[in-house]
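Provided below for reference: sequence and predicted model.
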Amino acid sequence: QKEVEQNSGPLSVPEGAIASLNCTYSDRGSQSFFWYRQYSGKSPELIMFIYSNGDKEDGRFTAQLNKASQYVSLLIRDSQPSDSATYLCAVNPSGGSYIPTFGRGTSLIVHP
Amino acid sequence: EAQVTQNPRYLITVTGKKLTVTCSQNMNHEYMSWYRQDPGLGLRQIYYSMNVEVTDKGDVPEGYKVSRKEKRNFPLILESPSPNQTSLYFCASSSPLAGGYNEQFFGPGTRLTVL
């Protein structure tokens, strides 16, 4: 069973702060990683994709990948109340399958 | 508009009454999947399909059936629903691209209650 672990939270940060969300995975051969955002009652939407070790920045979002340590993180700078949502980490398994395994998600609350 | 549609969006039914949740995508994607989402358990995969007539079990397939007779459609069938299948169901489609990029496009969800 390939595992993707996330702290369920909630993670509470003040508006304007940096929110840091973490994800670890068990399949050492995994090659590509995703962060989805899901608002309550809505479907998940992709916000970040990363496949190389290091950082990838897109606006206020930065994804960080460390394959040796088998973790991927998401930083949200200048957090806004509209960022309050559940963030799902997804990992493509090794072996050529393009069916990702999702973590349980971390609930983020940004308070004014 | 590129989209994944699911029907119905909401369904209340009784134990044992067969039901089908439809899923359709208009993006010509090869991959389609069904997930259920329960509080505290995240998204769990039920079944997936990598192409027409090719389906496989996910992590929680018991009590469900699927078929993929056409590329665009991937219905989820509950032959004899039970209360433990009360959940929020999502259909998703994707098409793998270079570099392992396969964004999952999700439908709006179907909230199922089995009494």
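Perfect, I can see it now.

all strands for chain B, in order.
B:4-7, B:10-13, B:19-25, B:31-38, B:42-51, B:54-57, B:65-66, B:76-78, B:87-94, B:105-106, B:110-114 (DSSP state E).

TSV for these, including mean neighbour count, mean pLDDT and distance to residue A:108?
To be clear about C-beta, it is placed using only N, CA and C from the backbone, and glycine gets the same treatment. Converted to TSV, those look like this (neighbours: other C-beta atoms under 10 Å in any protein chain shown; pLDDT from 0 to 100; distance: least, C-beta to C-beta, whole Å):
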stretch	mean neighbour count	mean pLDDT	distance to residue A:108
strand B:4-7	18	97	25
strand B:10-13	13	97	27
strand B:19-25	19	98	29
strand B:31-38	23	96	17
strand B:42-51	20	93	15
strand B:54-57	14	94	32
strand B:65-66	18	98	33
strand B:76-78	19	98	30
strand B:87-94	23	97	20
strand B:105-106	22	96	19
strand B:110-114	18	98	23
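
can you list the weak-confidence ranges in chain A?
Chain A contains residues with pLDDT under 70 at A:1, A:96.

Tell me the residues of it that contact chain B?
A:1, A:8, A:31-32, A:34, A:36, A:41-46, A:49, A:51, A:88, A:90, A:92, A:98-105 (C-beta under 8 Å from any C-beta of the partner chain).

Give me the buried subset of these.
Among the residues of chain A next to chain B, the ones that count as buried by 16 or more other C-beta atoms under 10 Å in any protein chain shown are A:32, A:34, A:36, A:43-44, A:46, A:49, A:51, A:88, A:90, A:92, A:98-105.

For the residue sitting nearest the centre point of chain B, give me its contacts.
Closest residue to the average C-alpha location of chain B: residue B:34 at 2.6 Å, with C-alpha atoms, centre = their mean. Contact analysis of residue B:34 by C-beta atoms under 8 Å, 6 or more residues apart in numbering or on different chains lists B:23, B:45-48, B:58, B:64, B:66, B:74, B:76, B:89-92.

thinking again about what came up before, narrow the residues of chain A next to chain B to those in strands?
Judged by DSSP E, the subset of the residues of chain A next to chain B located in strands is A:32, A:34, A:36, A:45-46, A:49, A:88, A:90, A:92, A:101-102.

Name whatever forms a beta bridge with the residue nearest to the centre of chain B.
For residue B:34, the beta-bridge partners are residue B:47, residue B:91 (DSSP bridges).

picking up where we left off before, is it possible to export the contacts of residue B:34 to a markdown table including distance to residue A:109?
Output for the contacts of residue B:34, formatted as a markdown table (distance: C-beta to C-beta, whole Å):
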| residue | distance to residue A:109 |
| --- | --- |
| B:23 | 32 |
| B:45 | 28 |
| B:46 | 30 |
| B:47 | 34 |
| B:48 | 32 |
| B:58 | 30 |
| B:64 | 34 |
| B:66 | 36 |
| B:74 | 35 |
| B:76 | 33 |
| B:89 | 26 |
| B:90 | 23 |
| B:91 | 29 |
| B:92 | 26 |
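
and of the residues you listed, the nearest to residue B:110?
Closest approach to residue B:110 among the contacts of residue B:34 (C-beta to C-beta): residue B:89, at 4.5 Å.

Once you drop chain neighbours, what's closest to that closest one?
Distance criterion C-beta to C-beta, 6 or more residues apart in numbering or on different chains; nearest residue to residue B:89, sequence neighbours excluded, is residue B:110 at 4.5 Å.

Let me know whether that neighbour touches residue B:13 as I believe.
No: using C-beta atoms under 8 Å as the test, residue B:110 is too far from residue B:13 to be in contact (11.6 Å).
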